[in-house]
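Student: Sequence first, then the predicted structure:
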Amino acid sequence: MIRRIGYVLIVALLLSSCGAKKRRSTQKKGAPVVVKTEKPTTKTTNDLDTEETLDLFPMPEDTGRFERFPISDTEDYIDNFAEIAQYEMRAFGIPASITLAQGILESGSGRGELTLKTNNHFGIKCHTGWQGEFDFHDDDAKGECFRKYNHPMYSFRDHSIFLSTRSRYAFLFNYRRDDYKKWAHGLRQAGYATDRKYPEKLIAIIERYDLHEYDEAVVETGLSTVRQPKQYDVFTHTVEKGDTLYAISRRYDISVDELRRLNNLNDNIISIGQVLNIRVSQ
């Protein structure tokens with residue numbers, strides 16, 4: 001499940017997103033914080049420019065620590081990231097169903113090699129001007145540069161900015177926010193993917209897992225009524241002499257398989273001094 005670092009902050013933002021605006025974390029140190037107190041307008045999110053949207057729907061500040069998210073299957077992926085997709089829908093107008101379906105398809109439900117090492121859920125490449133972290137991965141060509149994020153939520157935000165700031169996708173925002181079929185075909189038309197069956201794949205995922213219900217929840221009731229997920233405390237264990245995965249699993253009441261998933265291990269071999277992620281539910 002999504003960890004405290006992401007959802008506790010995000011849920012707080014969801015509940016307060018209609019309140020005072022905040023400045024982005026990119027402001028210079030020492031600059032005064034400007035709090036705008038004017039009355040809310042009747043603008044929709046599609047009427048807002050990117051600057052305003054980022055102020056109204058900010059992301060928590062990056063901790064600088066790479067967070068791993070072991071996902072067991074597609075249902076687990078949806079449980080983890082549905083609320084983030086809905087938050088992004090509220091902010092940018094991209095259907096949550098489309099965001100989730102793209103994430104499922106592009107990341108292999110969060111279990112693909114690229115996603116595990118970069119938290120990049122949408123296969124977004126570095127492109128000119130990217131100044132964040134990156135990693136190399138074989139895709140259309142060998143050793144291509146892909147964006148890397150410390151937390152998946154930043155990947156979801158980058159996906160929203162990517163679609164909303166490029167002119168070739170502008171026509172998509174004329175569609176209804178809950179019209180996932182038009183969005184799926186529109187993405188292919190705009191050149192998001194070269195796969196001719198890309199729209200059908202997205203639609204099939206959406207309808208198989210009823211992802212359109214997340215769109216309806218945003219359109220009809222907004223995000224404040226979305227249930228909060230189960231949360232977890234996360235900490236680490238440094239391997240000492242005599243430690244085995246089995247012994248560590250018994251100590252923290254966690255399965256060996258879960259330990260391997262949490263730490264992206266292919267076998268049970270660990271070494272002294274190695275830092276292992278441990279997840280314990282509240």
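Tutor: That came in fine, so what should we check first?

Student: Output the below-cut-off pLDDT ranges for the stretch 51-200 of the chain.
Tutor: Within the stretch 51-200 of the chain, the stretches with pLDDT under 70 are 51-52, 55-56, 128-129, 137-141, 143.

Student: can you rerun that using 80?
Tutor: 51-63, 127-133, 135, 137-143 (pLDDT under 80).

Student: hey, where'd the strands end up in it?
Tutor: With DSSP state E, counting those that start in this stretch as the criterion, the stretch 51-200 of the chain has strands at 134-137, 144-147.

Student: Among those strands, which comes closest to Thr118?
Tutor: Closest of the strands of the stretch 51-200 of the chain to Thr118 is strand 134-137, at 5.0 Å (criterion: Cβ to Cβ). Yep, even glycine has a C-beta here, placed from its N, CA and C like the rest.

Student: Parallel or antiparallel, which strands does that closest one pair with?
Tutor: strand 144-147 (antiparallel) (DSSP bridges).

Student: Tell me the buried residues in the strand it pairs with?
Tutor: Of all the residues in strand 144-147, those buried under the rule 16 or more other Cβ atoms under 10 Å are 144, 146-147.

Student: Equivalent analysis for stretch 199-211, please.
Tutor: Of the residues in stretch 199-211, those buried (16+ other Cβ under 10 Å) are 199, 201-203, 205-206, 209, 211.

Student: which of the residues you listed sit farthest apart?
Tutor: Pro199 and Tyr209 (16.6 Å).

Student: about what we covered before: specify which member of the buried residues of stretch 199-211 is nearest to Arg260.
Tutor: Tyr209 (26.1 Å).

Student: I figured the closest one hits Asp76, correct?
Tutor: No: with contact defined as Cβ atoms under 8 Å, Tyr209 does not reach Asp76; the gap is 11.6 Å.

Student: Tally up the residues packed near Ile248, please.
Tutor: Using other Cβ atoms under 10 Å, Ile248 has 18 neighbouring residues.

Student: Same question for Asn264.
Tutor: Neighbour number of Asn264 under other Cβ under 10 Å is 12.

Student: I'd like the strands of the stretch 51-200 of the chain laid out as TSV, including distance to Ile98.
Tutor: As requested, the strands of the stretch 51-200 of the chain are exported to TSV (distance: least, Cβ to Cβ, whole Å):
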stretch	distance to Ile98
strand 134-137	24
strand 144-147	20
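
Student: Could you say which one of those strands comes nearest to Leu100?
Tutor: Minimum separation from Leu100 across these (Cβ to Cβ) falls at strand 144-147, 19.3 Å.

Student: Extract the CA atoms of that closest one and return them as CSV.
Tutor: The C-alpha trace of strand 144-147 is given here as CSV (Å, rounded to 0.1, in the frame of the first residue of the first chain):
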residue,chain,number,x,y,z
GLU,A,144,18.0,5.5,-23.7
CYS,A,145,17.7,8.2,-21.0
PHE,A,146,14.6,8.1,-18.8
ARG,A,147,13.5,10.4,-16.0
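
Student: Can you give the contact residues for it?
Tutor: Residues outside strand 144-147 that contact it (Cβ atoms under 8 Å, 6 or more residues apart in numbering): 114, 118, 120, 123-126, 130, 132-139, 155, 158.

Student: same deal with stretch 197-217?
Tutor: 74-75, 78, 82, 85-86, 89, 95-98, 100-102, 104-105, 177-178, 180-181, 184-185, 187-188, 192, 195, 225-226.
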